[in-house]
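Undergrad: coords please:
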Amino acid sequence: MTIATIRTTTDLPKVEPHHEDNRRYPNGVAFMDGQYLPMSEAKVSVLDWGFLHSDATYDTVHVWEGRFFRLDLHLDRFFRGMERLRMKLPYSREEIEKILANCVALSGHKSSYVEMICTRGGSATFSRDPREAENRFIAFAVPFGSVANKEQLERGLHVAVSDTVRIPPNSVDPSIKNYHWLDLVKGLFDAYDLGAETALIMDTNGNIAEGPGFNVFTVKDGKLKTPAFGVLPGITRQTVFDLCRQTELGVTAADLTRDELKQADEVFITSTAGGIMPVTQVDGLAIGDGRVGDLTRQLMDLYWQKHSDPAWSTAVAYP
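TA: Below you'll find the predicted structure:
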């Protein structure tokens, strides 16, 4: 057979019937293409721009003891992100809120991690023009998970600062939640190599930015500080500001140096996946006396108390 020989269909391998997917998936419910599915059946096309180009926005909200926490703020940010990325969906805000509640109710989880996603989608012609793509909505609810496990919450996380630089905000708007995580993943591996449990990476000015899915706060002389430049303005970060306002604690958003981080009296991180979580070690050095600080514990307690407050949370109607 020469190179110029054209293969016939009989020369090609046969396409076998679809085999059963034996991989393990978290127990939960997803919504895709107008239907609710078990997580094992929720699939994204390989031609979706969200998969091919990380062209998507998303938001996550958690349910605790049967109640969404600060759902309105998460929906606000999700719709702002879609608008800035020029995405549109056939669902209203009220319909999306209902879909999220249905995913949780159908899953039966009283404590759940819930995600809403809008991808650019794809076009029937595999066009390179994003205007020709049909945007796609996906949602799912799985069991609640935290950045920090029970042991880490009790004794504090051990964090390492990576020299990896966060994507500049004039390249990718950090206020739009996105899946551009290669810088954060590199930071994680740097932290693991140093024996730490998670990472913080730098901004383009050489200051502390954020970590994989979380913001960071320091406490010094009773006053709180969190980075302001090039970071996602997280909902849990905003919740800390709100709690500080209620308790008359001083808090600012400003540049945070690596030295300030290490010399703080207390450090904690914030995320929808775990809430307010203490840090007691940075780059192998103890923060303060090496134990979870009093102010951190106070804010942690207030944070979880707010989950039963109707002004801060929304009940899920389970069947």
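
Undergrad: where do the strands sit along the stretch 151-300 of the chain?
TA: All strands of the stretch 151-300 of the chain, identified by DSSP state E, counting those that start in this stretch, fall at 157-165, 198-202, 215-220, 223-226, 251-253, 266-271, 275-282, 285-286.

Undergrad: of those strands, give the one that comes closest to A209.
TA: Of all these, it is strand 198-202 that lies closest to A209, at 5.5 Å by CB to CB. For the C-beta atoms, the positions are set from N, CA and C on the backbone; glycine is no exception.

Undergrad: returning to that earlier point: nearest to S111, of the strands of the stretch 151-300 of the chain?
TA: Closest approach to S111 among the strands of the stretch 151-300 of the chain (CB to CB): strand 275-282, 11.8 Å.

Undergrad: which non-adjacent residue is nearest the residue positioned nearest the centre of the chain?
TA: By CA atoms, centre = their mean, the mean C-alpha position of the chain lies nearest to G213, the distance being 4.7 Å. Spatial nearest neighbour of G213, chain neighbours left out: S271 (5.4 Å); criterion: CB to CB, 6 or more residues apart in numbering.

Undergrad: same deal with T226?
TA: F217 (4.7 Å).

Undergrad: go on, K223?
TA: Here the residue nearest K223, using CB to CB, 6+ apart, is G250, at 4.2 Å.

Undergrad: ok, that neighbour - how many residues close by?
TA: 10 (other CB atoms under 10 Å).

Undergrad: break the protein into its domains for me.
TA: 29-143, 150-307 (the TED database).

Undergrad: roughly how far is the last one from the heart of the chain?
TA: In terms of CA atoms, centre = their mean, to the nearest Å, the centre of domain 150-307 is found 14 Å from the chain centre.

Undergrad: check contacts around K43.
TA: By CB atoms under 8 Å, 6 or more residues apart in numbering, the contact set of K43 is M32.

Undergrad: okay, and it sits in which element?
TA: Here K43 sits in a region with no helix or strand, counting by DSSP states H and E.

Undergrad: and it, how far from P26?
TA: 15 Å (CB to CB, to the nearest Å).

Undergrad: re earlier: looking at the domains of the chain, which is closest to P319?
TA: Within the domains of the chain, the stretch nearest P319 is domain 29-143; the backing value is 6.0 Å (CB to CB).

Undergrad: average pLDDT across the closest one?
TA: Throughout domain 29-143, pLDDT has a mean value of 97.

Undergrad: now do that domain: distance to the chain's middle.
TA: 13 Å.

Undergrad: what about it, how long is it end to end?
TA: 10 Å (CA to CA, to the nearest Å).

Undergrad: show me where the stretch 201-319 of the chain has helices.
TA: Secondary structure of the stretch 201-319 of the chain, counting by DSSP state H, counting those that start in this stretch: helices at 235-247, 258-262, 294-305.

Undergrad: so what does the last one touch, helix or strand wise?
TA: In terms of contact count using 3 or more CB pairs under 8 Å, 6 or more residues apart in numbering; DSSP states H and E, helix 294-305 is assigned the packing partners helix 235-247, strand 266-271, strand 275-282.

Undergrad: tell me which residues in it are buried?
TA: L295, T296, L299, M300, L302, Y303 (16 or more other CB atoms under 10 Å).

Undergrad: now distance to L106 and pLDDT too, for those residues, in JSON lines please.
TA: Putting the buried residues of helix 294-305 into JSON lines (distance: CB to CB, whole Å; pLDDT from 0 to 100) gives the following:
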{"residue": "L295", "distance to L106": "40", "pLDDT": "98"}
{"residue": "T296", "distance to L106": "36", "pLDDT": "98"}
{"residue": "L299", "distance to L106": "34", "pLDDT": "98"}
{"residue": "M300", "distance to L106": "31", "pLDDT": "98"}
{"residue": "L302", "distance to L106": "32", "pLDDT": "98"}
{"residue": "Y303", "distance to L106": "28", "pLDDT": "98"}
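
Undergrad: which among those gets closest to E95?
TA: Y303 (29.7 Å).

Undergrad: now do the contacts for the closest one.
TA: For Y303, the contact set (CB under 8 Å, 6+ apart) comprises T236, T239, V240, L243, G275, I276.

Undergrad: quick one on the thing from earlier: pick the one among the buried residues of helix 294-305 closest to G187.
TA: Among those, and counting by CB to CB, the member closest to G187 is T296, at 22.7 Å.
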